[in-house]
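Q: give the three-dimensional model of this entry:
(2 chains)
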Amino acid sequence: MDDKLHIDQHISQTFNKELEELRSKVLSMGGLVERQCQSALKALVDGDAGLAEVVATSDHEVNQLEVEINALCMEILARRQPAASDLRLILSVIRMISDLERIGDEAEKIGRLALQLADSHQKQSFYTEPGHLGESVLAMLHGALDAFARLDVHAAIGIAARDPQIDGEFESLTRLMLTHIMEEPHRVKSMLRVNWCARSLERIGDHAVNICEEVVFLVKGSDVRHLSLEEIQKRFLPARL
Amino acid sequence: MNSHATTVDEMLTRSREAVAGGDKQQVEIGDQAEISGYQTVGIPFVENAKMSARNVDVYYDQKQAITDVSLDIGANEVIAMIGPSGCGKSTFLRTLNRMNDIIPICKVTGDITLDGEDIYRGDQDTVLLRARVGMVFQKPNPFPKSIYENVAYGPRIHGLAHNKAELDEIVEKSLRRASLFDEVKDQLDKPGTGLSGGQQQRLCIARAIAVSPEVILMDEPCSALDPIATARIEELIDELKEKYTIAIVTHSMQQAARVSQRTAYFHLGKLIEVGDTKEIFTMPAHELTENYITGRFG
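A: You can find the predicted model right below:
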């Protein structure tokens, strides 16, 4: 980020420090949320009640960071009246942390469901069904945060382009769970819980796409939140021969 | 000459003082300015140009203060000129009503037109030009006369009123348009210099408006004012643009962002970038512009 945003180049050293603090807080919030998601997925597929409980009860750290970062953004807006790239950084951070917080909520939900699943039965084979979807979503989230840290528009658009695949995978998974339900109707409750976990994972993918869109906004200054993927690619990725 | 008469000479002397006061930086900038080809980023031209500058160079003696600046001032727009001290923004502003003529060592080349007519042509009457292109300075500089006389002076010498009633009307209209009338209507015979700084500046704006100018140039009109007075002037600028074209030089980037529709960024005598104000302050195209408006090392 330092390379392109030059947040350490202000005449005011205090402003440099504030932006550096903001940047590092956002990155640590991203890291925290990512770990929450990893743990949630692991708790689900391993049927690990202990881990599930940890995930289900530690969302407050993410919430706390959201509140802190929000306050910092407000302070910078009020005291510095940032312009141009500084202003875009603040705006994208405000929107990004709300996505991160909601990813945290989804991880918490998965944690609660995983806890219920782990408590109610012996580990069932169908707990592992969302495993592949989960890995893909985690990779997207990691890539999105990485693209933000490196201000990499190319990477961001590449990651956003994976979303249709995630949606497709979620639909197949739902169909699969329906098949399982028809085969073993007495397990319908657990199977629905697994499907809700998959739904949460799919939502995390959507939030990762939002983060990618913020990277494009931050670097290019264009709001691409309501453009189609094709349109975004056409505008910001030079045609490759 | 009786003590109440204000001569053109006196007016010029006051203007000269005002120009000289704010001019120390400009004379030094030639040291750094280099003569080289460059391209202004953005589109400096508009469809409904009120004034047009083309390839303007300004020299103070041997030193070049402005290099190859081409820029349109659009009708009924507020255009802000920003840039670090010594960037040439004030020098450029003063070329627009030939205020630089007062400085003997100053030489202007290139074309500057008002409604398509060259304002540097030999038979241009500069007094008439400055009535059409008025100016408001950094420090409020009312004449040492009554509030009424400050505003009435211009219309009187330009013969804009045929009798006392007409003159009264012009004075009241101008003071109203400058949002000052209600505050001073009961003391029109009191000296203008007795008003507060913000009121004095509005009086100077009323004085500029009184001769029905088409363009008003403002050279840091709020830098000596408190935030409340500043807000009133900015509100006034917003109202004035319905009727006039306004070019404003300001050191306050927030002010430029608030009052203007287009912004021009000057650096070392060159027009680096010009564009819609909202673009300049959210996504400037040139690195120098970005560095300046975000307070980075240039």
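
Q: grab the nearest non-local neighbour of the residue positioned nearest the centre of chain B.
A: What sits nearest the mean C-alpha location of chain B, by C-alpha atoms, centre = their mean, is B:Leu217, with 2.1 Å. Leaving aside its sequence neighbours, B:Leu217 sits nearest to B:Met135 (C-beta to C-beta, 6 or more residues apart in numbering or on different chains; 4.6 Å). For glycine as for every other residue, the C-beta is placed from the backbone atoms N, C-alpha and C.

Q: next, give phi and psi for the one you found.
A: Phi and psi for B:Met135, reported as degrees, to the nearest 10, are phi -140, psi 140.

Q: ok, it - contacts?
A: By C-beta atoms under 8 Å, 6 or more residues apart in numbering or on different chains, the contact set of B:Met135 is B:15, B:97, B:99, B:208, B:216-219.

Q: hmm, try it at 10 Å
A: B:15, B:18-19, B:93-94, B:96-97, B:99, B:204, B:208, B:213, B:215-219, B:221, B:247 (C-beta atoms under 10 Å, 6 or more residues apart in numbering or on different chains).

Q: now do B:Gly192
A: B:140-151, B:184, B:199-200, B:203-204, B:206-207.

Q: helix or strand with the lowest mean pLDDT in chain A?
A: Least confident helix or strand of chain A, by mean pLDDT, DSSP states H and E, is helix A:2-5 with a mean of 61.

Q: next, see if the very next helix or strand once past that helix gets close to chain B.
A: Toward the C-terminus, helix A:2-5 is succeeded by helix A:13-46 as the next helix or strand (DSSP states H and E). Yes: counting by C-beta under 10 Å from any C-beta of the partner chain, chain B has neighbours in helix A:13-46: A:15-16.

Q: hmm, who's touching the very next helix or strand once past helix A:13-46?
A: Beyond helix A:13-46 on the C-terminal side, the first helix or strand identified by DSSP H and E is helix A:49-57. Helix A:49-57 is contacted by residues A:35-44, A:46, A:48, A:104, A:107-119, A:123 when judged by C-beta under 10 Å, 6+ apart.

Q: list the buried ones in helix A:49-57?
A: A:49, A:51-56 (16 or more other C-beta atoms under 10 Å in any protein chain shown).

Q: swap in stretch A:153-161?
A: Buried residues in stretch A:153-161 (16+ other C-beta under 10 Å): A:153, A:155-157, A:159-161.

Q: equivalent analysis for stretch B:238-258, please.
A: Under 16+ other C-beta under 10 Å, the buried positions of stretch B:238-258 are B:240-241, B:244-250, B:252-253, B:255-258.

Q: got the phi/psi numbers for the residue nearest to the centre of chain B?
A: Dihedral angles (degrees, to the nearest 10) for B:Leu217: phi -100, psi 130.

Q: same deal with B:Ala264?
A: Per-residue torsions, B:Ala264: phi -120, psi 130 (degrees, to the nearest 10).

Q: excluding residues flanking it in the chain, which one is nearest it?
A: Distances taken as C-beta to C-beta, 6+ apart put B:Val274 closest to B:Ala264, at 4.3 Å, once the chain neighbours are dropped.

Q: who are the packing partners of the helix or strand harbouring the one you found?
A: Using DSSP H and E, B:Val274 sits within strand B:270-276. Secondary-structure packing of strand B:270-276 (3 or more C-beta pairs under 10 Å, 6 or more residues apart in numbering or on different chains; DSSP states H and E): strand B:63-74, strand B:78-82, strand B:262-267, helix B:277-282, helix B:287-293.
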